[in-house]
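K.L.:
when you get a sec, could you give me coordinates for this:
(chains A and B)
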Amino acid sequence: MKREFRLDTLLIHGGFEPGPAGATTVPIVQSSSFAHDTAEDLEDIFRGRKVGHVYTRINNPTTESLERRLALLEGGISCIATSSGMAAITLAVLTIVRSGDEILSSASLFGGTFSLFRDTLSNYGIATRFVDPSDLEAMRAAVNERTRLIFVETMGNPRLDVPDLAALAAIAREAGVPLVVDATVTTPLLARVKELGADIVVHSTSKYINGTGSAIGGAIIDCGTFDWRRKGYPHFEPFVKKFRQFAFTARARKLIHKDLGACPAPMNSYLFSEGIETMALRMERHCDNALRLAKFLAAHPQVAWVNYPGLAGSPWHETAKKQFGGRFGALLTFGLADKEAAFRCIDGLRLAKNLANIGDAKTLVIHPASTICADFGPEEKALMGVSEEMIRVSVGIEAIDDIIEDFAESLNII
Amino acid sequence: MNLTVNGKPSTVDGKESVNVTELLVELKVPQAEYVTVELNGEVLEREAFDATVVREGDAVEFLYFMGGGNSTFPKGAK
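P.N.:
Next comes the predicted model:
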């Protein structure tokens, strides 16, 4: 009987067997296109009668290896890697919705996603209703006959709220629409989102999957759980007819992903495959460090407040504990007296880097209100949990005493 | 048993009939977990592979949605 490997083992071996000459890392197939012996061979590939590579925008052996591993990790039936996390969200959503359809989205979103839904997709006749995902009654009430998907982050960034995914999945099932979950912040290690009811999972692989801030990428995983024959999805009909449970992936691959061209570079797919192997160890350290830093900041006299779901006082502590197996991620936010104090604190940090990213091995900080959320008005900022005195920290895996000393020294001089 | 597979003549030696699951193995169909099978023009449900019998003279199509992708780096840890 074939043994099923555990998640930590799949991170290292899933979707991969030794390559040429026994190579133990996935070869980087840095080729834009792939030659075939006969005209008939290529015709058969284009007709779908034969498997084979054509062009790296459509697929690539290095990228395919990453896709197999990510599908295994999420328990999905297939995966499509993309050029960025935003590309993953865009492609996943555009595979499902058409002009005139609506998205029901969590109001607590990454700014890029908020902008995509509110500003970009609305120009193409796709409206989004933003609702607090912790208010289940409001979520249920916001569903209407045009709703085609529910979108939520496992942990809202930067609000760091933790919606009850199983409850949202029940609302989605009741409404007959798929639940699309951005699981970037929690990774497949903290949240088993398919088990909680996600139908489609998206990741920015640039974050913890990469782990070192060396490449931009994304991924869409189809859990194979949604029945695309349901009312409201006639555009899936030819794909359901031919590809059954793979209808979502088939529609994405044959149309949206192919046509929009947001494919990853083979080199980046290699970097994600390499990074993912150490993710289990890194996440343990990330989460441990974040809890330690959160406790330190919560006790500091200059700090007005700390928001981290791992703190018992967090309104999302219990939900996070239930959903994330006793770990709480590595993002936290904290408030000082005002914007000036926040700026002085950031300027005083010597170890933590001031930049617009999360999920790096390095500790990162940013003042969201003046940077990644600067284009949003007070109302949107409030929905995202962004305030002027707030700093977001993506806690790295350096020695925790060094991280704490960095913040302590900076806070002492503000 | 003589069949037409993806438009070309094909033979399964020593058998008068096989079910679709067996045929995928006999013909070493790559990435069988993703393949769509058409038998005499009808798309088969995956759940029906075991119960669907392929006989002499049948026309079988194996179709993929990937538009690329092969087994250069096969799936699964050993």
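K.L.:
near the closest residue to chain B within the stretch 151-300 of chain A, how many other residues are there?
P.N.:
Residue of the stretch 151-300 of chain A nearest chain B, by Cβ to the nearest Cβ: residue A:250 (3.7 Å). C-beta: built from backbone N, CA, C; applies to glycine. Burial of residue A:250 is recorded as 28 neighbouring residues (other Cβ atoms under 10 Å in any protein chain shown).
K.L.:
you'd agree it is up against residue A:243?
P.N.:
Yes. Between residue A:250 and residue A:243 there is a contact under Cβ atoms under 8 Å: 4.0 Å.
K.L.:
tell me, what's touching the two both at once?
P.N.:
Listed contacts common to residue A:250 and residue A:243 are residue B:65; contacts here mean Cβ atoms under 8 Å, 6 or more residues apart in numbering or on different chains.
K.L.:
give me the contact list for the strand or helix carrying the residue of the stretch 151-300 of chain A closest to chain B.
P.N.:
Assessed by DSSP states H and E, residue A:250 sits inside helix A:247-251. Contacts with helix A:247-251, where a contact means Cβ under 8 Å, 6+ apart, come from A:77-78, A:80, A:95-96, A:200, A:222, A:226, A:228, A:235-236, A:239-240, A:242-243, B:65.
K.L.:
returning to what we had before: any idea how far the residue of the stretch 151-300 of chain A closest to chain B is from residue A:67?
P.N.:
14 Å (Cβ to Cβ, to the nearest Å).
K.L.:
and the nearest residue to residue B:35 once chain neighbours are set aside, backbone torsions?
P.N.:
Leaving aside its sequence neighbours, residue B:35 sits nearest to residue B:62 (Cβ to Cβ, 6 or more residues apart in numbering or on different chains; 5.0 Å). Backbone geometry at residue B:62, expressed as degrees, to the nearest 10, gives phi -110, psi 120.
K.L.:
for residue A:196, same thing?
P.N.:
According to degrees, to the nearest 10, the main-chain angles of residue A:196 amount to phi -80, psi -10.
K.L.:
for it, give me its contacts.
P.N.:
Per Cβ under 8 Å, 6+ apart, neighbours of residue A:196: A:165, A:166, A:169, A:323.
K.L.:
let me have those in CSV, extended by neighbour count, secondary structure and distance to chain B.
P.N.:
Output for those, formatted as CSV (neighbours: other Cβ atoms under 10 Å in any protein chain shown; DSSP: H, G, I helix; E, B strand; the rest coil; distance: Cβ to the nearest Cβ, whole Å):
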residue, neighbour count, secondary structure, distance to chain B
A:165, 24, helix, 27
A:166, 14, helix, 27
A:169, 23, helix, 24
A:323, 23, helix, 28
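K.L.:
ok, and what's touching the helix or strand where residue A:168 lies?
P.N.:
Taking DSSP H and E as the definition, residue A:168 sits inside helix A:165-175. Residues from elsewhere that reach helix A:165-175 (Cβ under 8 Å, 6+ apart): A:133, A:136, A:139-140, A:143, A:147, A:150, A:152, A:154, A:178-179, A:181, A:191, A:193, A:196-199, A:323.
K.L.:
now tell me what touches the helix or strand just after it from outside.
P.N.:
The helix or strand immediately downstream of helix A:165-175 is strand A:179-182, counting by DSSP H and E. Among residues not part of strand A:179-182, those counted as contacts by Cβ under 8 Å, 6+ apart are A:85, A:89, A:92-93, A:96, A:110, A:113, A:149-154, A:165, A:168-169, A:172, A:193, A:197-204.
K.L.:
among those residues, which ones are buried?
P.N.:
Neighbour-count burial (16 or more other Cβ atoms under 10 Å in any protein chain shown) is assigned, among the contacts of strand A:179-182, to A:85, A:89, A:92-93, A:96, A:110, A:113, A:149-154, A:165, A:168-169, A:172, A:193, A:197-204.
K.L.:
among these, which ones are in strands?
P.N.:
Within the buried ones among the contacts of strand A:179-182, residues falling in strands by DSSP state E are A:149, A:150, A:151, A:152, A:153, A:200, A:201, A:202, A:203, A:204.
K.L.:
tell me which two of these sit farthest apart.
P.N.:
Spatial extent of these (Cβ to Cβ) is set by the pair A:150 and A:204 at 19.5 Å.
K.L.:
buried stuff in stretch A:376-383?
P.N.:
A:376, A:380, A:381, A:383.
K.L.:
centre of the chain to that stretch, how far?
P.N.:
The chain centre lies 22 Å from the centre of stretch A:376-383; the measure is Cα atoms, centre = their mean, to the nearest Å.
K.L.:
ok, residues contacting that stretch?
P.N.:
By Cβ under 8 Å, 6+ apart, stretch A:376-383 touches A:107, A:108, A:111, A:114, A:130, A:132, A:159, A:369, A:373, A:384, A:386, A:387.
K.L.:
ok, the residue nearest in space to the middle of chain B to chain A distance?
P.N.:
Note on chain B: the residue nearest the mean C-alpha position is residue B:24, at 4.1 Å, using Cα atoms, centre = their mean. According to Cβ to the nearest Cβ, to the nearest Å, residue B:24 and chain A sit 13 Å apart.
K.L.:
following the host helix or strand of that residue, which helix or strand comes up?
P.N.:
Per DSSP H and E: residue B:24 is located in helix B:20-26. Using DSSP H and E, the helix or strand that follows helix B:20-26 in sequence is strand B:36-39.
K.L.:
need the residues of the stretch 251-400 of chain A near chain B, please.
P.N.:
Counting by Cβ under 8 Å from any Cβ of the partner chain, the residues of the stretch 251-400 of chain A close to chain B are A:253, A:254, A:258.
K.L.:
doesn't residue A:55 make contact with the last one?
P.N.:
No. Here residue A:258 lies out of contact with residue A:55, judged by Cβ under 8 Å, at a distance of 9.3 Å.
K.L.:
got a list of contacts for stretch A:124-143?
P.N.:
Contacts for stretch A:124-143 (Cβ under 8 Å, 6+ apart): A:93, A:97-109, A:114, A:117-118, A:121-122, A:146-147, A:150, A:152, A:156, A:161, A:163-164, A:167-168, A:171, A:174-175, A:177, A:316, A:383.
K.L.:
list the ones among these that fall in helices.
P.N.:
A:93, A:114, A:167, A:168, A:171, A:174, A:175, A:383 (DSSP state H).
K.L.:
residues in contact with the helix or strand where residue A:297 lies: which ones?
P.N.:
Here residue A:297, judged by DSSP H and E, is contained in helix A:279-298. Outside helix A:279-298, the residues within contact range by Cβ under 8 Å, 6+ apart are A:7-8, A:11, A:187, A:189-190, A:208-209, A:211, A:303, A:306, A:308, A:310-311, A:327-332, A:334, A:361, A:393, A:395-398, A:400, A:403-404, A:407-408.
K.L.:
got it, and stretch A:226-246?
P.N.:
Stretch A:226-246 is contacted by residues A:77-78, A:96, A:98, A:101, A:145, A:148, A:176-178, A:199-200, A:222, A:224, A:247-251, A:254, B:34, B:36, B:43, B:45-46, B:63, B:65 when judged by Cβ under 8 Å, 6+ apart.
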